[in-house]
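Chemist: Please work out how this folds:
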Amino acid sequence: MAETAVEINPGEVKARLDAGEVLRLIDVREPREFDICQIEGARLIPMNSIPMHLQELDDDGAPIVVICHHGVRSLAVVDWLRRQGVENCQSMAGGTDLWSVLVDPLVPRY
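Modeler: Down below sits the predicted model:
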């Protein structure tokens, strides 16, 4: 089985969601950032609390797409998750900012 790419672009995430694929969108920003904008269906698990949620993320569930503001924190979380054995995860490149530019301009930028 081929290894899943570490990053996925927002357009591909949107296309997969539109095609009916179930993806677990995990937003690792802080609550105050999540209050400013969020991607529909994303679940907030701030970066520093990811280790407390490892057991629920390390399952055979739907693929995980990790989201942050610009894609830096989400990439770090994916790196950490993969080192813990969670292979079915990707970081959304560009984060909510690029999502707003490429996919949904109604998502506020900050």
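
Chemist: ok now stretch 8-23, how far from the chain's centre?
Modeler: Stretch 8-23 has its average C-alpha position 11 Å from the chain's average C-alpha position, going by CA atoms, centre = their mean, to the nearest Å.

Chemist: Show the average pLDDT along it.
Modeler: The average pLDDT within stretch 8-23 is 98.

Chemist: List of residues touching that stretch?
Modeler: Around stretch 8-23, the neighbours that count as contacts under CB atoms under 8 Å, 6 or more residues apart in numbering are 25, 41, 62-65, 90-94, 98-99, 102-104. From N, CA and C alone the C-beta is placed, and that goes for glycine too.

Chemist: Helices of the chain, residue ranges please.
Modeler: 10-18, 31-36, 54-57, 72-83, 95-102 (DSSP state H).

Chemist: Pick the most deeply packed of the ones you listed.
Modeler: Greatest average neighbour count among the helices of the chain goes to helix 95-102 (a mean of 20), per mean count of other CB atoms under 10 Å.

Chemist: so that helix versus helix 10-18, what angle?
Modeler: For helix 95-102 against helix 10-18, the angle by axes from the mean of the first three to the mean of the last three CA atoms, to 10 degrees is 80 degrees.

Chemist: Output the contacting helices and strands for helix 95-102.
Modeler: Here helix 95-102 touches helix 10-18, strand 64-67, going by 3 or more CB pairs under 8 Å, 6 or more residues apart in numbering; DSSP states H and E.

Chemist: That one to helix 72-83, inter-axis angle?
Modeler: Using the same axes, to 10 degrees: helix 95-102 against helix 72-83 is 120 degrees.

Chemist: how close does the residue sitting nearest the centre point of the chain get to Ala15?
Modeler: Nearest to the mean C-alpha position of the chain, counting by CA atoms, centre = their mean, stands Val66 at 1.9 Å. The span separating Val66 from Ala15 equals 18 Å under the rule CB to CB, to the nearest Å.

Chemist: mind checking which helix or strand of the protein has the lowest mean pLDDT?
Modeler: With mean pLDDT, DSSP states H and E as the measure, the helix or strand of the chain carrying the lowest mean pLDDT is helix 54-57 (a mean of 94).
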